[in-house]
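[1] Need the 3D shape of this:
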Amino acid sequence: MGFFLRLLLNALALYLLSRVYNGVSFAPGTDVVSVVLAALVMGIVNALIRPVLLLLSLPVNVLTLGLFTLVVNGAVLWLVAQVTALNVAGFGAAILGALVLALISWLLDALVTALGLDGRRG
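    As a prediction, this is how the structure comes out:
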């Protein structure tokens with residue numbers, strides 16, 4: 001899947017998250033550019049900071065059989081909210097929001113794949 005398609009899907013997923021879950025929202029008057037910027041920051045944080053957090057939390061993650069990854073994903077969402085127009089009600093809301101965001105992203109990815117928009121030939 002191309003970079004821009006992935007970026008737009010992530011922006012759509014963040015927007016849908018803010019519509020479905022009250023714990024995560026965008027600042028009033030936020031435009032499309034701010035939503036795409038939040039998705040871009042989310043991608044950068046997922047690529048650079050999330051692996052470090054997962055590595056540092058590896059012992060706890062092993063003890064919890066991987067469930068601590070939800071906390072790491074919530075921390076990533078909370079961190080993105082600190083530097084963008086995204087608002088998160090609290091850390092608990094960030095954890096639940098990250099779980100809902102993963103579900104929305106999975107559904108959008110499945111839809112794009114089913115429609116054949118991902119560029120794969122099959």
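[2] center of the protein - which residue?
    Centroid-nearest residue in the chain: L101, 5.5 Å away (criterion: Cα atoms, centre = their mean).
[3] so which helix or strand takes in that one?
    helix 91-115 (DSSP states H and E).
[4] what distance separates that helix from the middle of the whole chain?
    Relative to the centre of its chain, helix 91-115 is centred 7 Å away, using Cα atoms, centre = their mean, to the nearest Å.
[5] Show me what that helix is packed up against.
    helix 3-20, strand 24-26, helix 68-83 (3 or more Cβ pairs under 8 Å, 6 or more residues apart in numbering; DSSP states H and E). C-beta coordinates here come from the backbone N, C-alpha and C atoms, glycine included.
[6] again, only using 7 Å
    helix 3-20, helix 68-83 (3 or more Cβ pairs under 7 Å, 6 or more residues apart in numbering; DSSP states H and E).
[7] Need the winner for burial among those.
    helix 68-83 (a mean of 19; mean count of other Cβ atoms under 10 Å).
[8] how far off helix 91-115 does that one point, in degrees?
    Comparing the axes of helix 68-83 and helix 91-115 via axes from the mean of the first three to the mean of the last three Cα atoms, to 10 degrees yields an angle of 100 degrees.
[9] how much does helix 68-83 deviate in direction from helix 3-20?
    Going by the same axes, to 10 degrees, helix 68-83 makes 90 degrees with helix 3-20.
[10] After helix 68-83, which helix or strand is next?
    strand 86-88.
[11] Please list all residues in contact with V72.
    Counting by Cβ atoms under 7 Å, 6 or more residues apart in numbering, V72 makes contact with R50, L53, L54, S57.
[12] would the second one count as being in a helix?
    Translated: L53. Yes: counting by DSSP: H, G, I helix; E, B strand; the rest coil, L53 is located in a helix.
[13] Around the residue nearest to V20 when sequence neighbours are not counted, count how many other residues there are.
    Of all residues not flanking V20 in the chain, V100 sits nearest, at 6.6 Å (Cβ to Cβ, 6 or more residues apart in numbering). V100 has 17 neighbouring residues, counting by other Cβ atoms under 10 Å.
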